[in-house]
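Q: coords please:
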Amino acid sequence: FFFNDTATTEIYTGETLFPYTTLFRSALSTPKCKLPKTTHGGRIMLFYYHNEITFNCQYYRTENITNHPNPHCHTRVTSLRTARDFSCPHCHSRMYSYGAFSVLIKDFPDLPKQKKYIEFSGHRFRCTSCGETITEDIPCQCPFTRVTWDMALWIIHLLKCHTSISAISAMLSVHWSTIQKIQKHIMDKALAAFETCLKKSNYRPRYLAVDEFAIHKGHRYATCVMDLETGFILWAGLGRSMADFEHFFKSIGLSLLSRLKAVAMDMNASFNRLFQKYCPKVPIVYDRYHMQAQFGRDVMGAVRLEEAQKHRQEAEALKEYTKETNNPELQKMAREKSHEERKLYTELKKSRWILLKKDDHLNERQKTHLLDILSEHRDLAICYAMKQEMTRLFTLTDYEEALAGWTKWIQAGLESGIPALVKFARQKQKRIKGLAAHALYPINTGKLEGFNNKIKVLKRIGYGYRNMDYFFTLIRFHSLPKNYSSPKFP
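A: Numbering: from 1, shown residues only. Okay, the predicted model is just below:
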């Protein structure tokens, strides 16, 4: 392992942490000291690196070089291991050396925006019996990368300080894909450790929420499933169709859903059909927010704009009438009436939130204005009454009462004669059981909708992601419960 100062620190060997000061002093006093073995059966490579100081460590030799083709490489590490130190991992027979290799590994630089490489020279060995070949490990190299553990640990700590990948790349002269690999390796370790803890505790989720979120422009979506009790994202995948969401049931297994009591979702047909297919006994609870938001947009909003357009058309007709008639009194009356219609049009256009707010959230002026609007517009008054009744139905706790209430509500919408309300009631006619299930299980997707905002922030910080596997891992990592401390990335 490489160090650029003599401060007391620790050496990472893949599985165990060893105090640096103790081993360094013992290495200086005993050049051929026996170093602790790792759990993989190998030995730790230990040496102190400085521009002018090199020393030999067991199995490795270090030296400063000045004539390397790469001007940023000033250190060469040569392995002193022989075939006697290895045995075949398959048949445990003796091996012989049949080749060598040399690799450049990027180390932590002395100054920002500089590069520093280490050249490692090792051997390849072949079994005398089965012919299998192995390549000597590089103990100071971070897995899946061409950087040292010294560099990797600095990258990890900078990521923990919320430093962006682009800033780390510019500071340490490391490609952003290398930083992503290190971060994904750490996140995978943390998620695996958390899932191991869940398995030991015989974890089975009871309440789930399913929702989609946008990942690119052009209506490209991804789907995630959250445990409402812990807030952990159990699964995230690309797409929102039935074929895409079916990967959720195949990846986690139906045994994990054995204690599932209810699922909250919007009215996406893919989610509904697949849960009825794989978990037919689990009740589906349609989200209250999506129901009320859709009613406010597709019914209240549509009817309000339709009534406003009637006032505007009436004002335009009166304006044209003033140009056609020559009677001054009629012209004056038409102008006044046109002004009143234009004023009603403007007020109705600006009354969106007055119609959508709860009664107890309105002040006296707004209440008076609301009564004036409802008294002058019959269709809006009917839709407002339906909205109030919908709010009451979502507060019920008795399933039979809720089922009867929703049935009457749908029937009233179908018989209202208002096109927007009739269309909305016809769409929800097959969803009555899912709406009434809210009385038994008052759950919703609000927690997942809040986490979707965090997903948007992650997407904005990264200016989008090319690797969807990395993006979904990042989403699941950020959903780890706050009371859980990961041994790899606390």
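
Q: just the strands in the protein please.
A: Counting by DSSP state E, the chain has strands at residues 10-12, 17-19, 60-64, 73-79, 95-106, 117-127, 133-135, 207-216, 220-227, 233-238, 262-265, 284-286.

Q: low-confidence ranges, the stretch 1-150 of the chain, go.
A: 1-58 (pLDDT under 70).

Q: which stretches in it count as helices?
A: Along the stretch 1-150 of the chain, the segments classed as helices by DSSP state H, counting those that start in this stretch run 20-29, 149-160.

Q: coming back round to it: could you single out the most deeply buried of the strands of the chain?
A: For the strands of the chain, the largest average neighbour count (mean count of other CB atoms under 10 Å) is found in strand 262-265, namely a mean of 24. From N, CA and C alone the C-beta is placed, and that goes for glycine too.

Q: give me the contact list for that strand.
A: Contact with strand 262-265 is made by 206-211, 228, 271-272, 275, 279, 282-287, 437, 440-441, 443-445, as judged by CB atoms under 8 Å, 6 or more residues apart in numbering.

Q: same deal with stretch 354-374?
A: 296, 300, 304, 347-348, 351, 380-381, 384, 387, 391.

Q: burial count for the spatially closest residue to A315 that is not a sequence neighbour?
A: With sequence-adjacent residues excluded and distances taken as CB to CB, 6 or more residues apart in numbering, A315 is closest to E341, at 3.8 Å. Counted with other CB atoms under 10 Å, residues neighbouring E341 total 20.

Q: I'd say E341 and E307 touch.
A: No - assessed by CB atoms under 8 Å, E341 is found out of contact with E307, at 11.6 Å.

Q: quick check: the nearest residue to R206 once chain neighbours are set aside vs L208, distance?
A: Distances taken as CB to CB, 6+ apart put K261 closest to R206, at 4.9 Å, once the chain neighbours are dropped. Per CB to CB, to the nearest Å, K261 is found 9 Å from L208.

Q: how about Q366?
A: Distance of Q366 to L208, given as CB to CB: 39 Å.

Q: next: A385.
A: From A385 to L208 the distance is 34 Å (CB to CB).

Q: same thing with T62?
A: 55 Å.

Q: do S173 as well
A: Applying CB to CB to S173 and L208 gives a distance of 45 Å.

Q: likewise S201?
A: The value you get for S201 to L208, if CB to CB is used, is 18 Å.

Q: try P442
A: 15 Å.

Q: same deal with P481?
A: For P481, the distance to L208 equals 16 Å [CB to CB].

Q: same check, this time on I138
A: For I138, the distance to L208 equals 44 Å [CB to CB].

Q: I'd say C91 and T128 touch.
A: No - between C91 and T128 there is no contact under CB under 8 Å: 9.6 Å.

Q: now R124. Nearest residue, chain neighbours left out?
A: Closest to R124 by CB to CB, 6+ apart is G99, at 4.1 Å.

Q: show me what contacts the residue nearest to L256 when sequence neighbours are not counted?
A: Closest residue to L256 apart from its sequence neighbours, by CB to CB, 6+ apart: R204 at 6.4 Å. Each residue near R204 by CB under 8 Å, 6+ apart is listed here: 256-260.
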